[in-house]
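Novice: kindly return the folded structure for what I paste below:
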Amino acid sequence: MKNTRWWLIRHAPVPNPDKLIYGRSDLPADTGDVAALAELAARLPPQAVWVTSHLRRTRQTAAALRLPGSDMALIERDLAEQDFGRWEGLSHGAVAETQPEEARRFWTDPAAEAPPGGESFAAVMQRVAGAVARLTEAHAGRDIVAVIHGGPIRAALALALDLTPQAALRLAVAPLSLSRIDHYGGGEEGDSWSVAALNALGTFSGSGR
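Specialist: All right, here's what the predicted structure looks like:
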C-alpha cells in the first residue's frame, strides 16, 4: 500500500489594511517573517514534490520555503483560491451597501451560493478534489508540499474528513500554517485518508484569502 503525504501550507500573510476581498486578485505576500518561515521549513520533508497555485502569493511563499533537493514547483490552477467574481477588490461593507440582494442571497448559504460572476465554495471543493486525485495518482508514495490558499486547504481537509461544504467552512486556516493529510491506496480495502496535522504553526491575524 502506497502512502502519499500532502503537506498543506497556507501562503504568507497578504497586506490588506482595507480588508478587501481578494480571492483571485494577484496580490503579493509578505514573506518578511524569517523566523516563522524557518520554523515551518524545518518541519517539511526533503526531496518532496512542490505545488503552488498560479497566484504569486503562493509562489513567493514557496520560494521562501523551498528545501534543497526538492522538485521544481508545479503550478496547478485548480488549487487557486475561490473566485469572488465582481466582488473582488471590494470590502464586505461595500458589497452589502451596493449589492444588498446579492449579498443577502450569498450569506443565506455561503457554501452553496456563488458571488456574482464567481464560484461557490462547493465548486471549489469539487475542483480541488479533482486536482488532489490527479496529483496523488501522479506522485503516489511521495511527499507533496502544496503551498496554496485557505479555501483549497479547507477543501482538501474536507476530502480527507468527508465533510460537507457547510462543515468545511468552519475550519480556520491561518497564514503560514501547516496541515497534513495522508492518502493510503492500493490495498485490499481500497483508498482511504487520514489527517496527521491541522493548522499547526500559523498565527491568526485577521481575515483574508
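Novice: so where's this structure uncertain?
Specialist: Judged by pLDDT under 70, the chain has its weakly predicted residues at 1, 186-189, 202-209.
Novice: check which helix or strand covers Gly118.
Specialist: Assessed by DSSP states H and E, Gly118 sits outside every helix and strand.
Novice: any buried residues in stretch 5-20, and which?
Specialist: When burial is assessed from 16 or more other CB atoms under 10 Å, stretch 5-20 yields the following buried residues: 5-14, 16, 20. Quick note: C-beta positions are derived from backbone N, CA and C, even for glycine.
Novice: need the distance between the two termini of that stretch.
Specialist: 34 Å (CA to CA, to the nearest Å).
Novice: what about the helices in the protein?
Specialist: Ranges of helices in the chain, per DSSP state H, are 34-43, 56-65, 92-98, 100-108, 121-138, 150-161, 165-168.
Novice: and those helices, which is most packed in?
Specialist: Scoring the helices of the chain by mean neighbour count under mean count of other CB atoms under 10 Å gives helix 150-161 as the most buried, with a mean of 23.
Novice: what's near enough to touch Ala196?
Specialist: By CB atoms under 8 Å, 6 or more residues apart in numbering, Ala196 lies in contact with 5, 180-182.
Novice: returning to that earlier point: which ones among the buried residues of stretch 5-20 map onto strands?
Specialist: Mapping the buried residues of stretch 5-20 onto strands (DSSP state E) picks out 5-10.
Novice: same list, the residues you listed, but as TSV with distance to Leu67 please.
Specialist: Putting these into TSV (distance: CB to CB, whole Å) gives the following:
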residue	distance to Leu67
Arg5	15
Trp6	16
Trp7	11
Leu8	16
Ile9	12
Arg10	18
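Novice: list just the nearest of the buried residues of stretch 5-20 to Ala156.
Specialist: Ala156 lies nearest to Leu8 out of the buried residues of stretch 5-20, by CB to CB, at 5.8 Å.
Novice: for beta bridges, what are the partners of that closest one?
Specialist: Ala146, Ser179 (DSSP bridges).
Novice: nearest to Val124 among the contacts of Ala196?
Specialist: Ile181 (16.3 Å).
Novice: which residues does that closest one contact?
Specialist: 5-6, 8, 156-157, 159-160, 193-196.
Novice: redo those as JSON lines? Include distance to Asp30.
Specialist: Shown next, in JSON lines, are those (distance: CB to CB, whole Å):
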{"residue": "Arg5", "distance to Asp30": "28"}
{"residue": "Trp6", "distance to Asp30": "25"}
{"residue": "Leu8", "distance to Asp30": "20"}
{"residue": "Ala156", "distance to Asp30": "24"}
{"residue": "Leu157", "distance to Asp30": "25"}
{"residue": "Leu159", "distance to Asp30": "29"}
{"residue": "Ala160", "distance to Asp30": "29"}
{"residue": "Trp193", "distance to Asp30": "32"}
{"residue": "Ser194", "distance to Asp30": "33"}
{"residue": "Val195", "distance to Asp30": "28"}
{"residue": "Ala196", "distance to Asp30": "28"}
